[in-house]
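> Quick one, what's the 3D model for this:
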Amino acid sequence: MRICFSMCPPENVPAGGGAKFVLGFKDFLIERGHKVEFGLDLKNLPDLIFMFDPRHLGYSRNWLTIQHIRQLQDVLGVSIPIIHRMNDIGAPKDRPPSYVSDMIELANRSKHVVYISDWLREYYEKKGKISTNVDIIYNGVDKETFFPKKYDFDGKVKLVTHHWSNNFLKGWDIYKKIDEWLEGQHDVEFTFIGNIAKDIQLKNTTVIQPLSSKPLAEELRKHNVYITASRSEPCGMHHIEGIASGLPILYHKEGGGIVEAGEKYGLGFENFEDFKSGVEEIRQKHKKYYNKIIDEFDNYAENIYKKYYNIIERIV
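As a prediction, the model looks like this:
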């Protein structure tokens, strides 16, 4: 089977959830004898198109857009089945005015839609009608890379988070307060991996530049509690990588799709005072949440890819 991907991200560099999915799923398909293509020859069309975003994006090499799909279907009369993986939102994120309507249009032009969280499905149900068949499939991590650390909690809370985007919605109001709160703290520390938001200065936080997957996983396992204060995340990958590394999680209750995984393996907080209470509670219940991760966590890429592959087999 020949499958055309609309996104062609670079390999072996720090990347977000969408890029990691594309690269991992590409390898999964190739291992099963299929061909993944990053170009579209009108004289030799593929069996399926896999769409990830309606826009042209230079940094993630998203080359096939809603404009191309309109041209294929409306002008050329091409009827190749499309799977549309919906993994982002418009407001409150900084997106073009047409982003949501383009996502909905692309969904309705597709044979099948996959949302990466139930929260994301509800978001789009409020924005417009999508008549295409849908599934909800969460993100997953590479089990060989992101695996649980050996339990070694000694009572000192070693917080860690990682974000490649420097958008303020990633939780910078909370991270800034944590940095200030750490002044004088002896049993809590905080490490931030990634890109810092504009005009943010951190004095008491260890800052590490973005890391590719293997060194990132190694760094995460040096800590013992994952925190994410991100808001309105469709699903995210960062918190799943943290949980998979054996870290109980503190998450913001306005985190969107993050909440759906976070509530299983940690505690939610609403504001900074609530967060501080959460630190103490998770300190007391750390082994309980760690054991739950060991016993129940299964958001591994292999499992996720199989779900997508089942959809492809039904369609083609």
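> Please make it C-alpha for all contacts and neighbour counts, starting now.
OK.
> And the strands in the stretch 151-300 of the chain, which stretches?
157-163, 188-194, 206-208, 225-228, 249-252, 266-269 (DSSP state E, counting those that start in this stretch).
> mind checking which helix or strand of the protein has the lowest mean pLDDT?
helix 17-31 (a mean of 91; mean pLDDT, DSSP states H and E).
> helices or strands up against that one?
In terms of contacts (3 or more C-alpha pairs under 8 Å, 6 or more residues apart in numbering; DSSP states H and E), helix 17-31 is packed against strand 35-37, helix 301-315.
> Confirm for me that Gly17 is in contact with Asn139.
Yes: judged on C-alpha atoms under 8 Å, Gly17 makes contact with Asn139 at a distance of 7.4 Å.
> More neighbours: which of those two?
Asn139 (24 against 15; other C-alpha atoms under 10 Å).
> What distance do you get for that one to Gly246?
Distance, Asn139 to Gly246, using C-alpha to C-alpha, to the nearest Å: 17 Å.
> Please apply the same query to Pro96.
37 Å.
> Neighbour count: the two, which is higher?
Gly246 (28 against 11).
> Identify the nearest residue to the more buried one in space, disregarding sequence-adjacent positions?
Pro148 (4.0 Å; C-alpha to C-alpha, 6 or more residues apart in numbering).
> Confirm the one you found sits in a strand?
No: Pro148 is assigned coil when assessed by DSSP: H, G, I helix; E, B strand; the rest coil, not a strand.
> circling back to that earlier point, list residues touching both of Gly17 and Asn139?
Contact criterion C-alpha atoms under 8 Å, 6 or more residues apart in numbering; residues shared by Gly17 and Asn139: 236-237.
> can you give me the strands in the stretch 1-150 of the chain?
In the stretch 1-150 of the chain, the segments counted as strands under DSSP E, counting those that start in this stretch are 2-5, 35-37, 48-51, 82-86, 112-115, 133-136.
> Let me have these in CSV, adding mean neighbour count, mean pLDDT and distance to Gly262 as columns.
Formatted as CSV, those follow (neighbours: other C-alpha atoms under 10 Å; pLDDT from 0 to 100; distance: least, C-alpha to C-alpha, whole Å):
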stretch, mean neighbour count, mean pLDDT, distance to Gly262
strand 2-5, 20, 96, 30
strand 35-37, 17, 96, 33
strand 48-51, 23, 96, 28
strand 82-86, 25, 97, 21
strand 112-115, 22, 98, 18
strand 133-136, 16, 96, 17
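> Turn the ones you listed into CSV, including distance to Asn224.
Converted to CSV, the strands of the stretch 1-150 of the chain look like this (distance: least, C-alpha to C-alpha, whole Å):
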stretch, distance to Asn224
strand 2-5, 37
strand 35-37, 38
strand 48-51, 37
strand 82-86, 32
strand 112-115, 30
strand 133-136, 30
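> mind checking which of those is nearest Phe272?
For Phe272, the closest of those is strand 112-115, at 30.6 Å, according to C-alpha to C-alpha.
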